[in-house]
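In: Fold the following and give me the result.
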Amino acid sequence: MAKLLRRMQNAPRARSLAPLIAIALALAASGAHAAHAAQAAQAPQATQTEREREEVQGYRFQIITGDDSAVTHRIVDDLYKRLVPTFAAFRTELAQKRRMLYIAIGPTALRDALSRRCDCVVISAYTSSQVWRGLTARLPKPRRIAITAVYAEPAPNDQMRLAELVYGRPVRVGVLLGPDTAFLRPVLHDAAEIQMFTPGDDLNHTLNSMTRAETLLALPDSDIYNAENVRNILLSTYRRKQGVIGFSADMVKVGALATTYSEVEEINAQVAELTADFVRSGELPAPQFPRYFRTIINEGVASSLDLRVTDAARNFARPAPAPAAR
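Out: The predicted model follows:
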């Protein structure tokens, strides 16, 4: 009996007490003295369990990457410095008892994080909304609610505002949506014209049917804007005097009219803010588009479209706050 009581006092977790208590009660039925001894042993045990529960509160983090490129190293180095202050308050010696928070950099890293069986939280960054949705849509709900993202592509509302600034007036915007980007329709309520495109459709015919649109808002959809189609889309819209609001700076460099875009430090600032809010509140927000951005405009394309670009358009931005001094 004495050995049993010592096991109860040293048990590391509450769940191990159930079978021991059951045995103790059975043995205690043979005498009142044994019952009193068992009760005396349980009192300090409850205090010990409460201490253990307090100790496991908190979080730790790990940044997961999908490659070893220079850009990835730049992302990780900057992001690590931003995240450390959020987790510094948690005791290092209890790291293995804290809940893991994974930061997944890019689609490959996101797949890796989602494949891990754990009671963990995942924040995705540098992955498009289309890919993020494709990877998470079929996950069980308990797993899905522990995952969020800062998408890689610009916010559609910011893009449509940029179009107005570039044209210097309200402008009719057209958007092509495929089966994998149809979920974005609710955030495009201000778009004048939305056309659905299904793989196998004639892309030129779909583009030609957008007769009311003065500019095309491009969204990252691999069924539409892929290596085979991008050049054709840019040439076709250019001939019809339609500018393309691209979804990356590289797209503007090869012929799109303009775009907002986010640098590494701007995406990382938002990821760090999201992480800090979650650690403080325990509530994980819904996936979100980049909050901080700057603008790039193809001045040559703008001139060909007879657009006079103003400084208001060139300087359209939402800067990230300066990182706190460390």
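In: Low-confidence regions, this structure specifically.
Out: 1-57, 91-97, 324-326 (pLDDT under 70).
In: Strands along that one, start to end?
Out: Along the chain, the stretches classed as strands by DSSP state E are 59-65, 99-105, 121-127, 147-151, 173-177, 193-196, 215-217, 243-245, 258-261, 294-297.
In: Is it possible to get JSON lines of the ones you listed that adds mean neighbour count?
Out: From N, CA and C alone the C-beta is placed, and that goes for glycine too. What follows is the strands of the chain, written out as JSON lines (neighbours: other C-beta atoms under 10 Å):
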{"stretch": "strand 59-65", "mean neighbour count": "17"}
{"stretch": "strand 99-105", "mean neighbour count": "22"}
{"stretch": "strand 121-127", "mean neighbour count": "25"}
{"stretch": "strand 147-151", "mean neighbour count": "23"}
{"stretch": "strand 173-177", "mean neighbour count": "23"}
{"stretch": "strand 193-196", "mean neighbour count": "16"}
{"stretch": "strand 215-217", "mean neighbour count": "26"}
{"stretch": "strand 243-245", "mean neighbour count": "26"}
{"stretch": "strand 258-261", "mean neighbour count": "26"}
{"stretch": "strand 294-297", "mean neighbour count": "19"}
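In: how far away is the closest residue to residue 317 other than its chain neighbours from residue 266?
Out: Of all residues not flanking residue 317 in the chain, residue 294 sits nearest, at 4.4 Å (C-beta to C-beta, 6 or more residues apart in numbering). In this view, residue 294 and residue 266 are 8 Å apart by C-beta to C-beta, to the nearest Å.
In: okay, and the common contacts of the two?
Out: Jointly contacting residue 294 and residue 266 under the rule C-beta atoms under 8 Å, 6 or more residues apart in numbering are residue 319.
In: Can you name the residues that contact residue 187?
Out: With C-beta under 8 Å, 6+ apart as the criterion, the residues that contact residue 187 are 156-157.
In: how much space is there between it and residue 116?
Out: In terms of C-beta to C-beta, residue 187 sits 30 Å off from residue 116.
In: ok so, going back, what about the strands of the chain, which gets the closest to residue 308?
Out: strand 294-297 (11.6 Å; C-beta to C-beta).
In: who does that closest one touch, helix- and strand-wise?
Out: Judged by 3 or more C-beta pairs under 8 Å, 6 or more residues apart in numbering; DSSP states H and E, the packing partners of strand 294-297 are helix 249-253, strand 258-261, helix 311-314.
In: got TSV for the ones you listed, with distance to residue 67 too?
Out: Below are the helices and strands packed on strand 294-297 laid out as TSV (distance: least, C-beta to C-beta, whole Å):
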stretch	distance to residue 67
helix 249-253	18
strand 258-261	21
helix 311-314	33
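In: can the strands of the chain go into JSON lines with extra columns for distance to residue 317?
Out: Shown next, in JSON lines, are the strands of the chain (distance: least, C-beta to C-beta, whole Å):
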{"stretch": "strand 59-65", "distance to residue 317": "27"}
{"stretch": "strand 99-105", "distance to residue 317": "24"}
{"stretch": "strand 121-127", "distance to residue 317": "20"}
{"stretch": "strand 147-151", "distance to residue 317": "17"}
{"stretch": "strand 173-177", "distance to residue 317": "20"}
{"stretch": "strand 193-196", "distance to residue 317": "27"}
{"stretch": "strand 215-217", "distance to residue 317": "19"}
{"stretch": "strand 243-245", "distance to residue 317": "16"}
{"stretch": "strand 258-261", "distance to residue 317": "8"}
{"stretch": "strand 294-297", "distance to residue 317": "4"}
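In: closest one to residue 229 among these?
Out: strand 173-177 (10.2 Å).
In: And the helices in the stretch 1-150 of the chain?
Out: 2-10, 17-28, 32-55, 70-87, 107-115, 129-136, 141-144 (DSSP state H, counting those that start in this stretch).
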